[in-house]
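**Q** Here's my sequence, what's the structure:
(2 chains)
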There are 2 protein chains.
Amino acid sequence: MEIREIRLEELDTERFITEKIEEISSIVGDGLAINALSGGVDSSAVTMLGHKALGDRFKTYFIDNDLMREGEPEHIVSLFKDLGVTVELVDAKKTFFDALRGQTDPEEKREAITRSFYRDVFGELVRRTGAKYLLQGTNYTDIEETVAGIKRQHNILEQLGIDPEAMYGYKVLEPLIQLRKSAIREVARALDIPEEICNRPPFPGPALAARVIGEVTPERVRIVRNATKIVEEELSHTGAFQYLAILHEDRVTGVREGKRDYGLQIEVRCWESKDARIGSPTRLPYDVLDRLAERITTEVTGVVSVTYSITKKPPCTIEAV
Amino acid sequence: MEIREIRLEELDTERFITEKIEEISSIVGDGLAINALSGGVDSSAVTMLGHKALGDRFKTYFIDNDLMREGEPEHIVSLFKDLGVTVELVDAKKTFFDALRGQTDPEEKREAITRSFYRDVFGELVRRTGAKYLLQGTNYTDIEETVAGIKRQHNILEQLGIDPEAMYGYKVLEPLIQLRKSAIREVARALDIPEEICNRPPFPGPALAARVIGEVTPERVRIVRNATKIVEEELSHTGAFQYLAILHEDRVTGVREGKRDYGLQIEVRCWESKDARIGSPTRLPYDVLDRLAERITTEVTGVVSVTYSITKKPPCTIEAV
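**A** Below you'll find the predicted structure:
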């Protein structure tokens, strides 16, 4: 099926919301639907649409796979509580790390996360609740990149020839699939989602697993999470489209207290972009770069080298994995 | 033996040169000595000192290990011909790549290069010529870092407990061992070595092998050599202390002509430093960084990502391996 993009300039936000609420309501009927909220603007908008369409027949889960930002699960649950939406925390740490063990190839890592998400975690939730529908925040850039073969997005199923009903026992609804990020932000604002979420930099589906080159272990996620926290603290004022820290697998020679320290490298990326389709590195002042390097090498144990990505997309992509 | 540094401000260049010429002459007597010229300022200064001290009883070799800059062997030979010094090219490509095959640990790579240099290549030259002495350009920073255990410099033997006479059949003389880079540059100028050499950024002993993370193969050296050429062309006007390109072993996701290209990453470093002991990244204008990334991803096949090192030394070191 051809999917037609609705561009930001042609988007009638109120009409879009009304139509999507009616659509969800008519498809799900008097059944149950569920969704996973990650705290990003896409899944937040879907959460509010589903809630408005289905009320109590819609259940929202936060899947705690230990791949999120520090303190994220509790923060997002509390934020949605204020919006009148109950979010249930699901502890899925073991499921994800078991699936990721020994995986180093980016596509295999994404595949392991897709399987853990849709088959293991959602399969179980669907059985438990009897839900027939999963709502998710797939957007237009996701499907474009998947169809082009650039990256397998974790949330694309049908485009990859996977029938979720046959494989996992539920249908997937994607109310945002015609929109890019900038249009989704407008929809989210109209749904009264706080600016903190509308404005926050995109966080990838596979979360911090997309920011660890090589094997994703709890220890390596902890390292990239600490670096991510510093990058977000130092760069949130920039208004950049996205900023992130990547943990490399390569080790480089460093020096600590006069001795060799064969250590870790963190790559920082900060992007200027409208919709993630093309992007260029933000021209951060060197004082900011200095502080990033200083803080990361001081506060994140084992890191001796910090680099800044200076490549445009294309040929680079926003995330590294 | 304690080695006393002669600081730039206390250096009497003419007196230093006269003393070193006398010293070399009196130690070598009527024997033969040899040296390896890499084209860097250290080995260039040693070449001129040896030549002045010993005349025809001093033989200079350029060891072509295929780890040097593009066109370097021929260029350096021709440059010294103009100074009246005959330099013999030694093809040692196979020796080095055989020794480096399968080596990924930085210390093992350095050890493989040390062995190839001192045992295999020089051992053979010494046997062929009957030389009893090898002159080399070890400087004060080299021994300081080796003694501190930061890096094994390829040219440090006695500090590592290796007796070259017992192991390889020759003694090593190190006339520059009391000087750091800035002082050596002054000595080189006084020896009429062209500014091109006095000013050129330091090139490490293990050459491009120090700029390849992971296994050093002819193909990977070719990639980092091409990137090095671009970095030197774009940054030679900066007057920075050193600028270099590093080929990572990690691969990152990129995109080419709308398709995924799981490609290579090059890290660029450009250093402000007096003597390599401490350093900070040059604050290159973003137009320069843009052009570097654009040229490297366009001209060096397979590269989809370019980063710029933003870490100070310490905790980073100048080179990566």
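**Q** quick one: the strands in the stretch 1-150 of chain A?
**A** Using DSSP state E, counting those that start in this stretch, the strands found in the stretch 1-150 of chain A span residues A:33-36, A:58-64, A:87-91, A:133-135.
**Q** Distance to A:Glu124, mean neighbour count and mean pLDDT added to those strands, as TSV?
**A** C-beta: built from backbone N, CA, C; applies to glycine. Shown next, in TSV, are those (distance: least, Cβ to Cβ, whole Å; neighbours: other Cβ atoms under 10 Å in any protein chain shown; pLDDT from 0 to 100):
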stretch	distance to A:Glu124	mean neighbour count	mean pLDDT
strand A:33-36	11	24	94
strand A:58-64	11	21	95
strand A:87-91	9	15	96
strand A:133-135	13	25	93
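**Q** Adding distance to A:Pro281, write those strands out as a markdown table.
**A** Below are the strands of the stretch 1-150 of chain A laid out as a markdown table (distance: least, Cβ to Cβ, whole Å):
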| stretch | distance to A:Pro281 |
| --- | --- |
| strand A:33-36 | 31 |
| strand A:58-64 | 32 |
| strand A:87-91 | 35 |
| strand A:133-135 | 35 |
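**Q** okay, these in a markdown table with distance to chain B next?
**A** As requested, those are arranged in a markdown table below (distance: least, Cβ to the nearest Cβ, whole Å):
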| stretch | distance to chain B |
| --- | --- |
| strand A:33-36 | 24 |
| strand A:58-64 | 24 |
| strand A:87-91 | 29 |
| strand A:133-135 | 27 |
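**Q** Where is the longest helix in chain A?
**A** helix A:218-235 (DSSP state H).
**Q** May I see the buried residues of the next helix-or-strand element following that helix?
**A** Scanning forward in sequence from helix A:218-235 by DSSP states H and E, the next helix or strand is strand A:242-256. Buried residues in strand A:242-256, counted by 16 or more other Cβ atoms under 10 Å in any protein chain shown: A:242-255.
**Q** on contacts alone, who are the packing partners of strand A:242-256?
**A** The contact analysis (3 or more Cβ pairs under 8 Å, 6 or more residues apart in numbering or on different chains; DSSP states H and E) places strand A:242-256 against helix A:218-235, strand A:259-272, strand A:303-309, strand B:242-256.
**Q** run the last query once more with 10 Å
**A** If you count contacts as 3 or more Cβ pairs under 10 Å, 6 or more residues apart in numbering or on different chains; DSSP states H and E, strand A:242-256 packs onto helix A:218-235, strand A:259-272, helix A:286-299, strand A:303-309, helix B:106-114, strand B:242-256, strand B:259-272, strand B:303-309.
**Q** Contacts only, for A:Tyr308.
**A** Applying Cβ atoms under 10 Å, 6 or more residues apart in numbering or on different chains to A:Tyr308 gives the contacts A:267-270, A:281-282, A:284, A:286, A:288-289, A:292-293, B:281, B:289, B:307-311.
**Q** 7 Å instead, please
**A** A:Val268, A:Leu289, B:Thr307, B:Tyr308, B:Ile310 (Cβ atoms under 7 Å, 6 or more residues apart in numbering or on different chains).
**Q** residue with max distance from the center of chain A?
**A** For chain A, the residue at maximal distance from the C-alpha centroid (Cα atoms, centre = their mean) is A:Gly258, at 40.4 Å.
**Q** What pLDDT is listed against that residue?
**A** For A:Gly258, the model assigns a pLDDT of 78.
**Q** can you tell me how far the spatially closest residue to A:Leu67 that is not a sequence neighbour sits from chain B?
**A** Distances taken as Cβ to Cβ, 6 or more residues apart in numbering or on different chains place A:Ala207 nearest to A:Leu67, at 3.7 Å, with adjacent residues excluded. Distance from A:Ala207 to chain B, counting by Cβ to the nearest Cβ, to the nearest Å: 16 Å.
**Q** Could I get the full set of helices for the stretch 1-150 of chain A?
**A** Assigned by DSSP state H, counting those that start in this stretch, the helices in the stretch 1-150 of chain A fall at A:13-28, A:41-54, A:72-82, A:93-100, A:106-114, A:122-129, A:140-148.
**Q** ranking those helices by burial, who's on top?
**A** helix A:41-54 (a mean of 25; mean count of other Cβ atoms under 10 Å in any protein chain shown).
**Q** Residue nearest the middle of chain A, spatially speaking?
**A** A:Pro204 (2.8 Å).
**Q** hang on, it in a helix?
**A** No - counting by DSSP: H, G, I helix; E, B strand; the rest coil, A:Pro204 falls outside a helix, being coil.
**Q** now the residue nearest to it when sequence neighbours are not counted, what's its secondary structure?
**A** Nearest non-adjacent residue to A:Pro204, counting by Cβ to Cβ, 6+ apart: A:Ala210, 4.2 Å away. Three-state assignment for A:Ala210 (three-state DSSP): helix.
**Q** Surely A:Ala210 touches A:Glu319?
**A** Yes - in this structure, A:Ala210 is within contact of A:Glu319 by Cβ atoms under 7 Å, at 4.8 Å.
**Q** Please say which of those two ends up with more neighbours.
**A** Neighbour totals were compared for A:Ala210 and A:Glu319, and A:Ala210 leads with 26 against 22 (other Cβ atoms under 10 Å in any protein chain shown).
**Q** give the contact list for the closest residue to chain B within chain A.
**A** Closest contact between chain A and chain B, by Cβ to the nearest Cβ, is at A:Thr307 (3.7 Å). Contacts for A:Thr307 were tallied using Cβ under 7 Å, 6+ apart; they are A:Gln265, A:Glu267, B:Glu267, B:Thr307, B:Tyr308, B:Ser309, B:Ile310.
**Q** What is the neighbour count of the first one?
**A** Spelled out, it's A:Gln265. Neighbour tally, A:Gln265, other Cβ under 10 Å: 28.
**Q** Pretty sure it sits against A:Thr297.
**A** No - with contact defined as Cβ under 7 Å, A:Gln265 does not reach A:Thr297; the gap is 10.1 Å.
**Q** Show me what from the stretch 201-321 of chain A comes close to chain B.
**A** Residues of the stretch 201-321 of chain A lying close to chain B by Cβ under 7 Å from any Cβ of the partner chain are A:213, A:248-250, A:252-256, A:258-262, A:267, A:283, A:286, A:289, A:292-293, A:297, A:304-312, A:314-317, A:320-321.
**Q** try 6 Å this time
**A** A:213, A:248-250, A:252-256, A:258-260, A:267, A:283, A:286, A:289, A:293, A:297, A:304-311, A:314-317, A:320 (Cβ under 6 Å from any Cβ of the partner chain).
**Q** follow-up on the earlier one: how close does the residue farthest from the centre of chain A sit to B:Arg251?
**A** Counting by Cβ to Cβ, to the nearest Å, the gap from A:Gly258 to B:Arg251 is 34 Å.
**Q** swap in A:Glu219?
**A** 22 Å.
**Q** got a pLDDT number for the closest residue in space to A:Gly279 that isn't next to it in sequence?
**A** Nearest residue to A:Gly279, sequence neighbours excluded (Cβ to Cβ, 6+ apart): A:Ser273, at 3.6 Å. With respect to pLDDT, A:Ser273 scores 94.
**Q** Looks like A:Ser273 contacts A:Ser280 (just checking).
**A** No - shown here, A:Ser273 and A:Ser280 do not form a contact pair, counting by Cβ atoms under 6 Å, at 7.6 Å.
**Q** Give me the phi and psi angles of the nearest residue to A:Lys93 once chain neighbours are set aside.
**A** Closest residue to A:Lys93 apart from its sequence neighbours, by Cβ to Cβ, 6+ apart: A:Asp66 at 4.2 Å. Note on A:Asp66: backbone dihedrals following degrees, to the nearest 10 are phi 60, psi 20.
**Q** Low-confidence regions, the stretch 151-300 of chain A specifically.
**A** Applying pLDDT under 70 to the stretch 151-300 of chain A picks out residues A:151-162, A:205.
**Q** give the contact list for A:Thr13.
**A** A:Glu186, A:Val187, A:Ala190 (Cβ atoms under 6 Å, 6 or more residues apart in numbering or on different chains).
**Q** hang on, the earlier thing: in contact with the residue nearest to A:Pro204, which residues?
**A** Contacts of A:Ala210 (Cβ under 6 Å, 6+ apart): A:Pro204, A:Glu319, A:Val321.
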